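Visitor: Below are the sequence and a predicted model; questions follow.
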Amino acid sequence: MLKTKNKKILSAVLAAAVLCGSAAVFTGCQNGSSDTTSGSQNDNSTEISNTEESSNDTQSKDDSETVSDEESTESSENESDGYWLAEIGDSGTCGENVKWELRENGELVISGSGDMYDYFTKDVVTDPKDTKFTGHNIQTVTIEKGVSSIGNNAFHGFADMTSITIPDSVTSIGEYAFEDCQGLTSINIPDSVTSIGMAAFFGCTGLNDLHISNSLTEIGDFIFDSCEELTSITIPDGVTSIGDMAFSSCDRLTSITIPDSVTSIGEYAFQNCPVLTSVTIPDSVTTIEFGAFEDCELLANITIPDSVTNMGGLVFNNTLWYEKQPDGVVYAGKVAYGYKGDEPSDTNVVLKDDTVGIAGSAFKLETWITSMTVPESVKNIGLEAFENYITHIVMYVKSGSAAETYAKENNIPFVAE
């Protein structure tokens, strides 16, 4: 299951372009194009009454169409659906005080001071500031010192870009800034960068060499989703949260290092990393959200600390770790993760005395359970833990406990001691 990316759709322009020989397509304001070609052809609609005049007109019309075709070709080479062709040496603005210039060998240079513009995913230009470069076949990008931010969607879809230089004057990288830059193989995010927007490197399928800024405090949603060539990831000290689908579908990821500063791991954060074999979750982590390691098929060795009290459903489903667990109630650390195996003869489930949580969806499908004894040590019960038979179970709880509160809030019959 994948989450839908909630991209902002504003009145602006999507980066998408083609180098054609020595020219590259840049998005820009639509120029006021004249309709002289159409007018010229319409003039030839006059009725001709004699053969000679008709013959002469036919020749004239052919000449006119030839001229019109040439004009049309020339026009299409310089203007297409609001895009215009900029040859090597052309330049423009991409911020209040930031400029771009296309140089030899497909090098795009960004220079100046301050922030780049934000760009969005709609191909209608309504504001002059939304003129920008686009990127197919632009090989390299150099951002010069002085530029302080990389805007939303700034290099979106630069499929042929192989490298980019980011100076230490840059402090933020916008949403979708490098999405689908499939030719990008390495990137050094300098320590000056303190924030990276959602899906900034989503779909960078060739990225295999990554340095993440040591100044980040969070890894946001979708940031490195579908970076298929990444083999190892070291999350910097100081990061406190790993966002939803942050490293999902990293097909070749075999190693991750999670520092002691991390307290939460988001939904599907490492989902579908099929060759990841082991992971150590540090003692600082208290929350692991829904599906965080789901479909990591070779994940066999997992260290889950006692600090984890809040766990979503399906966190370790379809992993070797889960397959190796014995039948009965399965525990992930001290969290009751679910029930494995056939329906037992005893329909009462007694959780271990030191259980600290019940995972989301843990017993959702176990309709055979008639009662459950939940110790006072349980502090968190996940979403839909008993959803399918919530009125057909009696919970035995301690008076004043979190389990009693949960039973009351969800209308579950209970007995408090």
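Guide: Thanks, I have the structure now.
Visitor: pLDDT weak spots in the stretch 151-300 of the chain?
Guide: The model of the stretch 151-300 of the chain has no residue with pLDDT under 70.
Visitor: How about the contacts made by Arg304?
Guide: I think there's a mix-up here, since residue 304 is Ile and not Arg. Counting by Cβ atoms under 8 Å, 6 or more residues apart in numbering, Ile304 makes contact with 281, 332-333, 335. (Each C-beta comes from the backbone N, C-alpha and C, glycine too.)
Visitor: Among the residues you listed, which one is most surrounded by other residues?
Guide: Counting neighbours by other Cβ atoms under 10 Å, Val335 comes out on top of the contacts of Ile304 with 25 neighbours.
Visitor: partners of the nearest residue to it once chain neighbours are set aside in the sheet?
Guide: In space, not counting the residues next to it along the chain, Val335 is nearest to Gly357; the distance is 4.2 Å by Cβ to Cβ, 6 or more residues apart in numbering. When bridges are assigned using DSSP bridges, the partners listed for Gly357 are Val335, Asn380.
Visitor: burial of Gly357, as a residue count?
Guide: A total of 26 residues lie near Gly357 under the criterion other Cβ under 10 Å.
Visitor: now swap in Ser399 and tell me
Guide: Using other Cβ under 10 Å as the criterion, the residues surrounding Ser399 number 9.
Visitor: what's near enough to touch it?
Guide: With contacts taken as Cβ under 8 Å, 6+ apart, Ser399 has the following neighbours: 416-417.
Visitor: tell me the pLDDT at it?
Guide: Reported pLDDT at Ser399 in the predicted model: 96.
Visitor: what about it, which SS state?
Guide: When the structure is split into helix, strand and coil by DSSP: H, G, I helix; E, B strand; the rest coil, Ser399 lands in coil.
Visitor: Kindly report the same for Tyr406.
Guide: Three-state assignment for Tyr406 (three-state DSSP): helix.
Visitor: Leaving out chain neighbours, which residue sits closest to Val394?
Guide: What sits nearest to Val394 in space, not counting adjacent residues and going by Cβ to Cβ, 6+ apart, is Ser371, at 4.5 Å.
Visitor: I'd like to check which residues are in contact with that neighbour.
Guide: Applying Cβ under 8 Å, 6+ apart, the residues contacting Ser371 are 347-349, 393-396.
Visitor: and it, how far is that from Phe386?
Guide: As for Ser371, its distance to Phe386 is 11 Å (criterion: Cβ to Cβ, to the nearest Å).
Visitor: anything in contact with each of these two?
Guide: Taking Cβ under 8 Å, 6+ apart as the contact definition, Ser371 and Phe386 share the neighbouring residues Ile393.
Visitor: In ChimeraX, select just the buried ones from the contacts of Ser371.
Guide: The command below creates a ChimeraX selection of those among the contacts of Ser371 that count as buried (16 or more other Cβ atoms under 10 Å):
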select :349,393,394,395,396
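Visitor: For Ser149, state which of the contacts of Ser371 is nearest.
Guide: Within the set of those, Met395 lies nearest Ser149; the separation is 52.2 Å, counting by Cβ to Cβ.
Visitor: Let me know whether that closest one touches Val378 as I believe.
Guide: No. Using Cβ atoms under 8 Å, Met395 is not in contact with Val378; the gap is 10.5 Å.
Visitor: what residues do the two have in common as contacts?
Guide: For the pair Met395 and Val378, residues contacting each of them under the criterion Cβ under 8 Å, 6+ apart are Ala403.
Visitor: quick one: contacts of stretch 260-270?
Guide: The contact list for stretch 260-270, computed with Cβ under 8 Å, 6+ apart, reads 1-3, 221, 235, 237-248, 250, 253, 256, 258, 276, 279, 281-294, 296, 312.
Visitor: mind checking the end-to-end distance for it?
Guide: 18 Å (Cα to Cα, to the nearest Å).
Visitor: Next: stretch 219-239.
Guide: Stretch 219-239 end-to-end distance (Cα to Cα) = 7 Å.
Visitor: same question, stretch 223-243
Guide: End-to-end distance for stretch 223-243, by Cα to Cα: 8 Å.
Visitor: Ok, stretch 248-266 next?
Guide: 11 Å.
Visitor: quick one: buried residues of that stretch?
Guide: Per 16+ other Cβ under 10 Å, stretch 248-266 contains these buried residues: 248-251, 253, 256, 258, 261-262, 264-266.
Visitor: circling back: which one among the contacts of Ile304 gets closest to Cys204?
Guide: Proximity of those to Cys204 (Cβ to Cβ) peaks at Ile281, which lies at 26.0 Å.
Visitor: returning to that earlier point: emit the ChimeraX select command for whichever of the contacts of stretch 260-270 are buried.
Guide: To isolate in ChimeraX the members of those that are buried, counting by 16+ other Cβ under 10 Å, one can use:
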select :221,235,239,241,242,243,244,245,246,247,248,250,253,256,258,276,279,281,285,286,287,288,289,290,291,292,293,294,296,312
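Visitor: Just the ones of the contacts of stretch 260-270 in strands?
Guide: Those of those mapping onto strands are 241-242, 256, 279, 287-288, per DSSP state E.
Visitor: Including distance to Trp100, could the residues you listed go into JSON lines?
Guide: Supplementary listing: these in JSON lines, determined by distance: Cβ to Cβ, whole Å:
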{"residue": "Ser241", "distance to Trp100": "34"}
{"residue": "Ile242", "distance to Trp100": "34"}
{"residue": "Ile256", "distance to Trp100": "36"}
{"residue": "Val279", "distance to Trp100": "42"}
{"residue": "Thr287", "distance to Trp100": "42"}
{"residue": "Ile288", "distance to Trp100": "43"}
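Visitor: follow-up on the earlier one: would you format the contacts of Ile304 as TSV with distance to Arg103 included?
Guide: Rendered in TSV, the data for the contacts of Ile304 read as follows (distance: Cβ to Cβ, whole Å):
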residue	distance to Arg103
Ile281	47
Ala332	54
Gly333	55
Val335	56
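Visitor: got the phi/psi numbers for Val349?
Guide: phi -110, psi 130 (degrees, to the nearest 10).
Visitor: Tell me how many other residues crowd the nearest residue to Pro236 once chain neighbours are set aside.
Guide: For Pro236, the nearest residue in space outside its immediate sequence neighbours is Asn214; the separation is 4.5 Å by Cβ to Cβ, 6+ apart. Look at Asn214: counted by other Cβ under 10 Å, it has 13 neighbours.
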